[in-house]
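1. Whatever this is, show me its structure:
(2 chains)
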Amino acid sequence: MHWNNYFIPTTRETPAEAIVPSHQLMLRAGLVKQLVAGAYIYLPLGYRVLQKITNIVREEMNRAGAIELHMPAMHPVELWMETGRVEAMGDTLIHLPDQEWRSGTVLGPTHEEIITHIVRSFVNSYKQLPINLYQIQTKFRDEKRPKSGVLRTREFLMKDAYSFHTSWVDLDREYRSMYDTYCRIYKRCGLPYVAVEAESGAMGGDASHEFMVATDAGEDILVRTGDSSYAANLERAAIAPPSTRSSTASPLESLQEVHTPHVGSVEQVSRFLGCQPADLIKTIIFVADDQPLVALVRGDHEVNEAKLRKAAQVRSLVAADPETIRKVTCAEVGFAGPVGLQVRIIVDQAVPQMQNAVTGANKTDYHLKGVNPGRDFEIKEVADIRLPVAGDSAPNGQPLVFEKCIEIGHVFKLGTKYSVSMKAHYQDAQGQNHPCIMGCYGIGVNRIMAAAIEAHHDDAGIIWPMSITPFQVLITTLDSGDELVISAARQLYDGLTQHGWEVLWDDRELRPGPKFMDADLIGVPLRLTIGKKNISQGLVELKVRNAAEVHKLSVTDALTRTDQLIREALATYQS
RNA sequence: CGGGGCGUAGCUCAGCCUGGCUAGAGUGCUUGGUUCGGGACCAAGAGGUCGCAGGUUCAAAUCCUGUCGCCCCGACCA
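-> Below is the predicted model of the structure:
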């Protein structure tokens, strides 16, 4: 490809709206342009990268036996009503309300309903299972706040796969296979990914893993140990129980009521009484399966509702409204405490360690000092029910570290949630009907592109992994009036093209400076520079984008060396 | 949805507070010339309904009201 005949609108300055490095570089390198908030145009260079990524995804999915198809982006809302997800998705689901036919149409944020509809239409027998169907398709979600370039958008490309099975054992096998496939895909894309245990959230289902890339541009929190022997997302991260009661145990004080007028929050109470938030026991009241449930955590900790729900073994769990709180505690909101409460209490494992703590007195404008768990209130149920904080350890005893990250993929075991509600049944060998057991597996294609840039760039621009670069080689000709320069460039261009490589020839009539700046910006991994002075001695220059040194080689040596470097680089990304 | 900010040339921004001639700069673009190995220089040009609508005024980029869009922080996020 000749640069003059192509379309790469690079810019020197960074548009003001871009904050994160990948967004800035994608705009400056002419990869994308925003059309409206949350939707991006993929310009030719960016589209090439996107295609490289989708090719890798497709190859690996096919290798794993998944079968590609293509589903519409417009869905009849009836299918979503069958699973109750019109409500579950809420505002995220984009409706088209302006015309009669459109009022029954939504834009697909994901495709469980559609794929389940397909399977129930065509799959009747266990002989047709298992099957794994996937597509690479545009999704629509009405994100409240699109941000960070293509990292969070309302319209985005996703590879979504759905598998259907006759047994949980077979789902486990496919889940494992997809997990391994994802690892291969990310490795081939050159991403430093981490697989973590995750909550499956509103998707439903049991097991779930997220694939993360650590980056400051991210909006999730990755929790892991320094040696990565343990990794999880923030919601899922398990916390080791405190080792032993602190050796500096102080004498137990007696219970004492203190007047704390209009002082309700942890911060206010600790300031008012001159103690630390960690000296308080926070008493949070929930309604679980229509019964009040109290959770106790240290004042500087936060309850993790997913953990609490699991520990309490309840189906529904919501924060109690003020009226319920008043009824349970006989006090205004802000003065709840465990002493004397006659409801089910689940205690975080950090609380029994506490001594001479402060809690609400269940009496408006009063707190209790000198509260000692076990003495002043009974400890019946202890569990890990909070979010981790700095200083906590993983179950294996190693300290946890926290990093911002972005999610680039997610695998779920869905089970029968959709097949039951949508009646996707198959007949077994005995003629019995059963709902299909399902898994689903998603990859954010645009996010891979942004994450790759987040992971591979410097001050001058992008440094593409060889596997997803828009071109493997950039030929930069200086002194383009010189016949030797042109004939050498043509020789290299033709030679490398014949080897099957994608070559971009910067044939623009520009001074060397801007050409080198653009070369670094767009991040093609190998650059061959041909100038009058060197070529008069039969030499061209070979430079690797992420290395400082420059090699002077003959034209034929440059060709074989470049070919070799590309092969070597690609090999490192293969699994 | 709450809080903050911004909308003036392709891009980065000044001008607005305190209304007043033909609305500016840098960069990019076009043409000519000199240059030519890491964003050169000279000269001449093209390019703007100052987001949009209404109002105040002799006069509005500037003041007022409304509206739309965009960014940031937070909430939300299969």
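2. what's the helix or strand of chain A with the lowest mean pLDDT packed up against?
-> Counting by mean pLDDT, DSSP states H and E, the weakest-scoring helix or strand in chain A turns out to be strand A:317-319, with a mean of 82. Packing contacts for strand A:317-319, counted by 3 or more CB pairs under 8 Å, 6 or more residues apart in numbering; DSSP states H and E, involve strand A:281-288, helix A:305-312. For the C-beta atoms, the positions are set from N, CA and C on the backbone; glycine is no exception.
3. And these: which comes nearest RNA strand B?
-> helix A:305-312 (10.0 Å; CB to the nearest atom of the strand).
4. Could you list the residues in contact with that closest one?
-> Helix A:305-312 has contacts (CB atoms under 8 Å, 6 or more residues apart in numbering) with A:199, A:235-236, A:286, A:288, A:293, A:295, A:315, A:317, A:344, A:346, A:381, A:383-386.
5. Need the nearest residue in space to the most centrally placed residue in chain A, chain neighbours excluded.
-> Nearest to the geometric centre of chain A sits A:E407, at 0.9 Å (CA atoms, centre = their mean). With CB to CB, 6 or more residues apart in numbering as the criterion, A:E407 has its nearest non-adjacent residue at 5.3 Å, and that residue is A:E210.
6. which residues touch A:Y366?
-> Counting by CB under 8 Å, 6+ apart, the residues that A:Y366 touches are A:257-260, A:331, A:335, A:360.
7. neighbour-wise, which of those residues leads?
-> Most neighbours among the contacts of A:Y366, by other CB atoms under 10 Å: A:G360, with 28 neighbours.
8. Show me what that residue bridges to in the sheet.
-> Beta-bridge pairing of A:G360 under DSSP bridges involves A:H367.
9. what's the answer for A:A214, then?
-> Residues in beta-bridge contact with A:A214 (DSSP bridges): A:C405.
10. count of neighbours near it?
-> By other CB under 10 Å, 18 other residues sit near A:A214.
11. A:T364 too?
-> For A:T364, the neighbour count with other CB under 10 Å is 18.
12. I'd guessed it sits against A:V333; true?
-> No. Using CB atoms under 8 Å, A:T364 is not in contact with A:V333; the gap is 9.4 Å.
13. Can you give the domain ranges for chain A?
-> Listed domain ranges for chain A are A:17-238+A:402-453, A:256-383, A:471-573 (source: automatic domain parsing).
14. start to end distance for the second one?
-> With CA to CA, to the nearest Å as the measure, domain A:256-383 spans 28 Å from end to end.
15. Now do the helix or strand harbouring A:V382, average pLDDT.
-> In this structure, A:V382 is located in strand A:381-383 according to DSSP states H and E. Strand A:381-383 shows a mean pLDDT of 93.
16. which residue packs closest to A:L521, ignoring adjacent ones?
-> Leaving out its chain neighbours, the residue that sits closest to A:L521 by CB to CB, 6+ apart is A:G461, at 3.6 Å.
17. hmm, back to that, in strands, which of the contacts of A:Y366 appear?
-> In strands, judged by DSSP state E, the following of these are found: A:257-259, A:360.
18. Just want the residue of the stretch 401-550 of chain A that's nearest RNA strand B.
-> A:G531 (2.1 Å).
19. who's in contact with that residue?
-> Taking CB under 8 Å, 6+ apart as the criterion, A:G531 is in contact with A:477-479, A:485, A:512, A:541.
20. and those near RNA strand B, which?
-> By CB under 7 Å from any atom of the strand, the members of the contacts of A:G531 lying near RNA strand B are A:478-479, A:512, A:541.
21. Quick one: buried ones out of these?
-> A:478, A:541 (16 or more other CB atoms under 10 Å).
22. okay, the ones next to RNA strand B among the contacts of A:G531 in TSV with distance to A:T556 next?
-> Below are these laid out as TSV (distance: CB to CB, whole Å):
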residue	distance to A:T556
A:L478	20
A:D479	21
A:P512	24
A:E541	15
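23. Just to be sure, which of the ones next to RNA strand B among the contacts of A:G531 are found in strands?
-> Members of the ones next to RNA strand B among the contacts of A:G531 lying in strands (criterion: DSSP E): A:E541.
24. which bits of the stretch 401-550 of chain A sit near RNA strand B?
-> Residues of the stretch 401-550 of chain A lying close to RNA strand B (CB under 7 Å from any atom of the strand) are A:410, A:412, A:442, A:444, A:460, A:478-479, A:510-514, A:516-521, A:529-534, A:541, A:543, A:550.
25. for the residue nearest to A:E407, helix, strand, or coil?
-> Secondary structure assignment for A:E210 (DSSP: H, G, I helix; E, B strand; the rest coil): strand.
26. Can you read off the pLDDT for it?
-> With respect to pLDDT, A:E210 scores 92.
27. and what of the one 10 residues further on?
-> The predicted local confidence for A:D220 comes out at a pLDDT of 89.
28. Equivalent analysis for A:H367, please.
-> What the model reports for A:H367 is a pLDDT of 93.
29. just A:T572 next, same as before
-> A:T572 carries a pLDDT score of 94 in this model.
30. and the helix or strand harbouring it with RNA strand B, contact?
-> Following DSSP H and E, one finds A:T572 within helix A:555-573. No. Helix A:555-573 does not reach RNA strand B (CB under 7 Å from any atom of the strand); its nearest approach is 12.6 Å.
31. what's next to that helix, contact-wise?
-> By CB under 8 Å, 6+ apart, helix A:555-573 touches A:187-190, A:465-467, A:472-473, A:488, A:491-492, A:495-496, A:499, A:501, A:525-526, A:528, A:538, A:540, A:542, A:544, A:551, A:553.
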